[in-house]
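Q: let's see this in three dimensions:
(one chain, ligands or ions: 1)
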Amino acid sequence: MGEDIATTEHRSGTKHFVRLVEYLPGRFLSQVRPHSPDLLRGLGVFLGSMDKAFASFHHPAADRELKWNMKFAPSTVRESFHHLAEPKGRALIDHFLKRYEDLTLPLLTQLRTSVIRNDANDNNVLVGRALPDPGAFDLRVTSIIDFGDMVAGFPVLELAVGATYAALEKNDPLAAAAPIVAGYHQIFPLTELEIGCLYDFIAMRLCLSVVISAEQRKAEPANEYLSISEKPALALLDQWRTVHPDFAHYVFRNACGLPPCPQTEKVVSWLSEYRNDLGPVLDIDLEKKRPLLFDLSVGSPQLSPWKDPENMEELSALLLSQMSAANTGVGIGRHDEASRFYTSDNFKTAGNDSPEWRTVHLGIDLHLEPGSAMIAPLDGVVHSFANNSSRLDYGPTIILEHEIDGGLKFYTLYGHLTGDSLNGLVKGRAFKKGEMIGRVGAIGENGGWPPHLHFQIVTELLGKSGDFPGVALPSQRDVWLSLSPDPNLILKIPENVMRPKTRPRERAMILDLRSRHLGPNLSLAYRRPLKIVRGFRQHLYDENGQAYLDAVNNVPHVGHCHPRVVRAATEQMTVLNTNTRYLHDYIIEYALRLKEKLPEPLGVFFFVCSGSEANDLALRLARTHTRRRDTIVVDGAYHGNLTSLIEISPYKFDGPGGQGAPPYVQKVPTPDGYRGLYKSSDPDAGAKYAHHVERAVGAIRKEGRSPAAFIAESLMGSAGQIVYPPGFLESSFTYVRQAGGVCIADEVQVGFGRVGTHFWGFETQRVIPDIVTMGKPIGNGHPLAAVATTPEIAASFKTGMEYFNTFGGNPVSCAIGLAVLDVIREENLQQRALEVGYYLKAGLENLKDRHRLIGDVRGLGLFLGVEFVLDRETLAPATAQAAQAAERMRDKGVLVSTDGPYRNVLKIKPPLVFTKADADRLIEVLDQVLSEDALRH
Ligand code: PMP
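A: Numbering: from 1, shown residues only. Here you go, the predicted model:
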């Protein structure tokens, strides 16, 4: 009692010392997912701090023999090797052991030594919430347990062990290891030599783990823990074998802020020094040809209207037409430019958290006539060549090797050649400066690209032959650019052609400028805001060409940048854009087309520029018609940003910064069948909610007045994707009309076929409003909106005061509105909303069975909501969880948002071109996110 250490005796008679250690809260790193880069970086920081503290600590007992002591790894592995049965595992271990003995073992004497903890495996590392705030789901490393493996070793081994276990079961083990290295180095800087040993140390730790597990499994077959990481370790060894050791080395150097590829600097300075001795690559005078520099960046308007990113014929024609317009036969595609060509699956990598596409160009492209000759800019020999003929590959490619000062080598790569260019070529064949190497291939033979030479410098080939990546993952940009520096070092395309790139602003810079120069209450989606530079159909693309599935923007109703709509807009822009004070066909054609879609007597139109303008005008119409002002609104509704509309939008006037309802506004409860006063199981819920409208009429009457209007969204958006119980609008309209009021349907969110069964949301409630307001989807993103009403109400508005709206109903807007209606009809989008919406909703309902966090799935067509609750009985809103789900979905490339009075409803309202495959993806990603540690509930 009271002693620090007590003794106990085992059945076998052995005495053991026991000591009570403090209980550490947290969960093991092995048990939590995802392992975000921040979490892993934190592990590096933790290990770095620990080693820094150990740096000056020595103890004789630390120099002990221990199986897990990596100092003795080769002999341990050799001794226990025979326990391993699988030949594949043996071959892997043999490979890594040889490498280690040849390359790393001789360096050990030069490494720093100290006592290390020596087992930061993921079953020893504890993590907890980074912040006590219940809404903060980010995890961080809080502690480490089990100091039983402490030995005198090398600090870098500490890091290697941590990185090894974090790399287990990852699609991209290197990407998991790198942030740990970065964090460690930040606290306890590594030497270049140590960084250089990491790849082999990681491999050796895996070999140790595998052979020791195999041995222990034999000894104690029932003890599962002993071989817990054997299988994943073998799998990682297999993966590690495919990671080029030099590439890993460069990634780790980059993580430590060092130039990734050390010899690049020498190559670059040599090329700069001998610049004048380098010959041309083309047998044409680039200066005289006045080449056209293409902007092929993701957001470049030069790439429009290129519809299909996989259609190279179309791209080819587009580039050629630009070259001919510029009266040149040479077009140039830049180095270090992210393009959208690479969004097909050929360029996709799985990534640890979400897929990533290789998009960053590592060469310079010279677009030329097929058959144009290219020549060696300096002496070299053929290193390798190949016909990389799969689709969207390099096609015929030659790599020349050039030896420069002191045996240093670098390479030049020529891609997309004619097949003939490879005829008779042999490895080692010498090319003199000025000698022809090959010719530019046509689209049919060059890998399927517009005819061009892809010219790239490579300072280290990473063991590749006849091939080398021409585009890189944005996440590895620095490393690849270090392997492939600017080809203009050789091409010498004049400055005035290359023009210094006006670098688009980085995200952080835009954030900063926004905070200073834009109104401070503009909000941004997501904690890590996205920079979006292009949209097409149901996808948005960021500046790095990474695609996001857009499941939230209902404005691009028929798909982002629909070519038909774009054409209508541009054509009319070139002809006329003026106002409604002149006669024009389009405005009247458009009014007639909208009328076809509406029930009688809704046949008179006003064209405006935003949903807010439409609702403001609707209020004016109703108030002028009735000569009253009192308005009945639905709780949670949002009708727009004008003063008049904030006054009738409970979402705003009862929300943050709001000042409550003005005296002439009556609010009725949200007809929410899930969380509201009456549930959807109640067959009379619609009527019961409508009674509140009757009561609101009564309240107005009590004050001696009568209602001017009742305004309701046909399905509610901001209130949390609410579908009214049957009969709600019908009965409400009756009460309001009995009191002489006008009924306004706000279709700004849901109109134009989104609900699937009908063209308008109000039709699902079997009513005919007196005024209908339209916005958002009506112009597919163009600022167009409209008010439809009856001849009678329109007549009342003719008070003598002119209604003039400068932009409303202009010929360009009307051309766009007409095109949108055409596309909805021709592409059958209402039917698609019905079918895909039904399918998506069913999938979401399935998720509800598996994830308790989902309280309700609701909506019509492609206007859906998923409500998150902490408790299905109390309906306690899971606000933070909903936000986290939206954030994680964004990380995984799917965009949704949250809303509702508790911001606990995921809003799903994609462009109507959404497909069933997109629905599957959304469901899969939501399922993954809900299965993550933070949201498992
Ligand atoms: N009504 C509803 C139902 C809306 O959702 C919105 C916009 N969110 C508006 C009106 C206002 O439209 P705008 O932002 O185009 O002015």
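Q: any stretches of the stretch 551-700 of the chain with poor pLDDT?
A: In the prediction, the stretch 551-700 of the chain carries no residues with pLDDT under 70.
Q: quick one, helices of it?
A: 563-575, 585-597, 611-626, 643-646, 650-653, 685-702 (DSSP state H, counting those that start in this stretch).
Q: do you know which of those lies nearest the ligand?
A: Closest to the ligand of the helices of the stretch 551-700 of the chain, according to Cβ to the nearest ligand atom: helix 611-626, at 2.3 Å. (C-beta placed from N, C-alpha, C; glycine too.)
Q: near the ligand at all, the closest one?
A: Yes: legend: contact between helix 611-626 and the ligand by Cβ under 6 Å from any ligand atom is shown at 611-612, 615.
Q: just send these back as JSON lines, with neighbour count and distance to Asp746 too.
A: Output for these, formatted as JSON lines (neighbours: other Cβ atoms under 10 Å; distance: Cβ to Cβ, whole Å):
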{"residue": "Gly611", "neighbour count": "26", "distance to Asp746": "8"}
{"residue": "Ser612", "neighbour count": "22", "distance to Asp746": "11"}
{"residue": "Asn615", "neighbour count": "29", "distance to Asp746": "6"}
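Q: what about the residue of the stretch 701-850 of the chain found nearest the ligand, which SS state?
A: For the stretch 701-850 of the chain, the residue closest to the ligand is Val748, as judged by Cβ to the nearest ligand atom, at 3.6 Å. Classification of Val748 using DSSP: H, G, I helix; E, B strand; the rest coil returns coil.
Q: what is the burial count for the residue of the stretch 1-150 of the chain found nearest the ligand?
A: For the stretch 1-150 of the chain and the ligand, the shortest gap (Cβ to the nearest ligand atom) falls at Gly135, measuring 24.8 Å. The burial count assigned to Gly135 is 10, neighbours taken as other Cβ atoms under 10 Å.
Q: with adjacent residues omitted, what lies nearest to it?
A: Excluding the flanking residues, the one nearest Gly135 by Cβ to Cβ, 6 or more residues apart in numbering is Ala880, at 3.4 Å.
Q: how many neighbouring residues does that neighbour have?
A: 19.
Q: then whichever strand or helix holds it to CSV, C-alphas only?
A: Assigned by DSSP states H and E, Ala880 belongs to helix 879-891. Provided in CSV are the C-alpha atoms of helix 879-891 (Å, rounded to 0.1, in the frame of the first residue of the first chain):
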residue,chain,number,x,y,z
THR,A,879,-26.9,20.9,-36.1
ALA,A,880,-23.2,20.4,-35.7
GLN,A,881,-23.4,16.9,-37.2
ALA,A,882,-25.3,18.2,-40.3
ALA,A,883,-22.6,20.9,-40.8
GLN,A,884,-19.9,18.3,-40.4
ALA,A,885,-21.6,16.0,-42.9
ALA,A,886,-21.8,18.8,-45.5
GLU,A,887,-18.1,19.6,-44.9
ARG,A,888,-17.0,16.1,-45.3
MET,A,889,-19.1,15.6,-48.4
ARG,A,890,-17.4,18.6,-49.8
ASP,A,891,-14.1,17.1,-49.0
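Q: can you spell out which helices and strands pack onto that helix?
A: strand 863-868, strand 897-899, strand 905-908, helix 916-931 (3 or more Cβ pairs under 8 Å, 6 or more residues apart in numbering; DSSP states H and E).
Q: now mean pLDDT, distance to the ligand and mean neighbour count too, for the ones you listed, in TSV please.
A: Converted to TSV, the helices and strands packed on helix 879-891 look like this (pLDDT from 0 to 100; distance: least, Cβ to the nearest ligand atom, whole Å; neighbours: other Cβ atoms under 10 Å):
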stretch	mean pLDDT	distance to the ligand	mean neighbour count
strand 863-868	98	11	27
strand 897-899	98	10	22
strand 905-908	98	11	28
helix 916-931	98	22	18
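Q: next, format the ones you listed as TSV and append distance to Leu540.
A: Converted to TSV, the helices and strands packed on helix 879-891 look like this (distance: least, Cβ to Cβ, whole Å):
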stretch	distance to Leu540
strand 863-868	19
strand 897-899	13
strand 905-908	15
helix 916-931	13
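Q: how about these, which one is nearest Gly48?
A: helix 916-931 (31.0 Å; Cβ to Cβ).
Q: Phe653 contacts Leu645, correct?
A: No: the pair Phe653 / Leu645 is not scored as a contact, 9.9 Å apart, by Cβ atoms under 8 Å.
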